[in-house]
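# Whatever this is, show me its structure:
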Amino acid sequence: MIISGVNAQSLGWTEEFEAAFAPYAKKGFVSARLIRETKINFTALKHDGTEFDAFVTGKLWHDAESDADLPAVGDWVAIDLKGEDPVIQAILPRHSRFSRKMPGKSSDEHVICANVHYVMVVTDPLADFNLRRLERYFMLIEKTGCQPVVVINKRDLVTEEELKERIEEVQALSKVVQIHAMSALNDDPLEVLKDYFQIGKTVALVGSSGMGKSTILNRVLRQEIMDTGDVNDFTGKGRHTTTARELVLLPEGGLLVDNPGMREIQMWTDEKTLREGFADIEALSQACKYHDCKHQSDKGCAIREAVQSGELDDERYEGYLKLEEEVQELKRRRKKRKMITERWGKRTNRVKARNLDDRIQLEKDERGEL
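A predicted model of the protein is given here:
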């Protein structure tokens, strides 16, 4: 399949990618960007608009230390087309990657999409509006170096005063977030969000199911290519919406990654990013009477006093404590995994050394040497 109007610039190809690809070009490989992922392969798109399926080479699987080292939607890759099936031989260095922790008890990183410039969180002003969840998104987004954007869709469901209050609450969570309110059904998303849809720039749409991500994409594309669904009036959850992650080229320029609704926003970050995301709480902690204050029942705790006086929102502080607990747990699991990996590595080396000694001794025996 060939998509018309595609070129290197429209796909986000840069001089940095060109330089990184040079060694693979000498081997006769071609460069392409991954636009879709299935359980068994990827769909890749070449500079000339040629779209085709490609598989990951066994060596890439073997060399990957974790799933984060495997291809993801948005990646630029080097592909060998000389065989029966196109094979992904290498991933070019990413300039960004939007990740979260794998759901469940894993300590692995889950790369949602790569080489993204903007991460656009779509929510509504009612059932889905959750400041603690947005805090989590901001922590993940700002760690990647991407620009966080919040779209409050379905603005017609609340009054102007209520909408203004929602916007102010979101703005208070981040110094860099950009916020837009709209109705995807009544407004023109392409006009409201035009500053982000620029040639070569990639936008990732994330958020809960049923918040209008696919509706926004369909209206931006001027055609119905993504299924949309209603929202359950009782649970506030969406139905029959995006089920696969896909990168789409926009006719006016730019690229957009439509993501399935996220049930879990598990943290993939570190203590430094956590402190920066809650600079107000960190500043208060510096005023505590004791440097090792646990911020619970300690005397002279500036944070607890701020909560009691209303200076610090109690829910924000509870969210901070929960995130800190998750970060510490992630840190513990990483350390444990590293120790297990090192132990297995040492065990493997010992086994190899023992086998080598046995082989040398066997050869000596066969030669009649002592």
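# which stretches of the stretch 201-350 of the chain form strands?
With DSSP state E, counting those that start in this stretch as the criterion, the stretch 201-350 of the chain has strands at 202-207, 246-249, 255-258.
# To D75, which of the ones you listed lies closest?
strand 246-249 (9.8 Å; Cβ to Cβ). The way it works is simple: take the backbone N, C-alpha and C, and place the C-beta from them, glycine included.
# what sits up against the closest one?
If you take Cβ atoms under 8 Å, 6 or more residues apart in numbering as the criterion, strand 246-249 is touched by 3, 5-6, 10-11, 33-36, 73-74, 113, 202, 217, 221, 225, 255-258.
# now with 6 Å?
Defining contact as Cβ atoms under 6 Å, 6 or more residues apart in numbering, one finds that strand 246-249 is touched by I35, R36, V73, G74, L255, L256, V257, D258.
# Secondary structure of the second one: a strand, I assume?
Yes. Counting by DSSP: H, G, I helix; E, B strand; the rest coil, R36 is located in a strand.
# give me the number of residues near it?
Neighbour count for R36, taken as other Cβ atoms under 10 Å: 17.
# Return the residues in contact with it.
R36 touches T43, E246, counting by Cβ under 6 Å, 6+ apart.
# Who is it paired with across the strands?
Here R36 shows beta-bridge partners T43, E246, assigned using DSSP bridges.
# From V176, how far off is it?
Per Cβ to Cβ, to the nearest Å, R36 is found 30 Å from V176.
# got it, and the first one?
Computed as Cβ to Cβ, the I35 to V176 distance reads 28 Å.
# who's more crowded, the two?
Using other Cβ under 10 Å as the criterion, I35 and V176 rank with I35 on top: 22 against 10.
# Would you format the contacts of strand 246-249 as TSV with distance to K154 included?
Below are those laid out as TSV (distance: Cβ to Cβ, whole Å):
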residue	distance to K154
I35	29
R36	28
V73	27
G74	28
L255	25
L256	20
V257	22
D258	18
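# Kindly reformat the strands of the stretch 201-350 of the chain as a markdown table containing mean pLDDT, distance to E165 and mean neighbour count.
Formatted as a markdown table, the strands of the stretch 201-350 of the chain follow (pLDDT from 0 to 100; distance: least, Cβ to Cβ, whole Å; neighbours: other Cβ atoms under 10 Å):
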| stretch | mean pLDDT | distance to E165 | mean neighbour count |
| --- | --- | --- | --- |
| strand 202-207 | 91 | 20 | 26 |
| strand 246-249 | 90 | 34 | 20 |
| strand 255-258 | 90 | 29 | 25 |
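# Let me see the mean pLDDT of the helix or strand hosting C113.
Assigned by DSSP states H and E, C113 belongs to strand 109-114. Taken as a whole, strand 109-114 has a mean pLDDT of 85.
# Kindly calculate the angle that that strand makes with strand 202-207.
Calculated by axes from the mean of the first three to the mean of the last three Cα atoms, to 10 degrees, strand 109-114 forms an angle of 120 degrees with strand 202-207.
# The next helix or strand after strand 109-114 versus strand 109-114: what angle between them?
Sequence order places strand 118-123 as the next helix or strand after strand 109-114, per DSSP H and E. Strand 118-123 runs at 100 degrees relative to strand 109-114, counting by the same axes, to 10 degrees.
# starting at the chain centroid, how far to strand 118-123?
Centroid separation for strand 118-123 versus its chain: 11 Å, with Cα atoms, centre = their mean, to the nearest Å.
# buried stuff in the next helix or strand after it?
Downstream of strand 118-123, the first helix or strand assigned by DSSP H and E is helix 131-144. Across helix 131-144, burial judged by 16 or more other Cβ atoms under 10 Å covers R133, L134, E135, R136, Y137, F138, M139, L140, I141, E142, K143, T144.
# helices or strands next to the helix or strand following helix 131-144 in the packing?
Proceeding N to C from helix 131-144, the next assigned helix or strand is strand 147-152, under DSSP H and E. The contact analysis (3 or more Cβ pairs under 6 Å, 6 or more residues apart in numbering; DSSP states H and E) places strand 147-152 against strand 118-123, strand 178-181.
# now the helices for this structure?
Taking DSSP state H to define them, one finds helices in the chain at 15-25, 58-63, 131-144, 160-171, 189-192, 213-221, 271-277, 279-285, 302-309, 314-367.
# Pick out the shakiest of these, pLDDT-wise.
Among the helices of the chain, helix 271-277 carries the lowest mean pLDDT, a mean of 57.
# how near is E18 to K213?
32 Å.
# so what's the spatially most central residue of the chain up against?
Residue closest to the mean C-alpha point of the chain, counted by Cα atoms, centre = their mean, is F98 at 2.4 Å. By Cβ under 6 Å, 6+ apart, the residues touching F98 are I112, C113, V116, V119, T144, A204.
# That one and I179, how far apart?
From F98 to I179 the distance is 19 Å (Cβ to Cβ).
# still on that earlier bit, and E18 and K213? which has more neighbours close in?
Between E18 and K213, counted using other Cβ under 10 Å, the more crowded position is K213 (29 against 13).
# Grab the nearest non-local neighbour of the more buried one.
Nearest residue to K213 in three dimensions, chain neighbours excluded: L205, at 4.6 Å (Cβ to Cβ, 6 or more residues apart in numbering).
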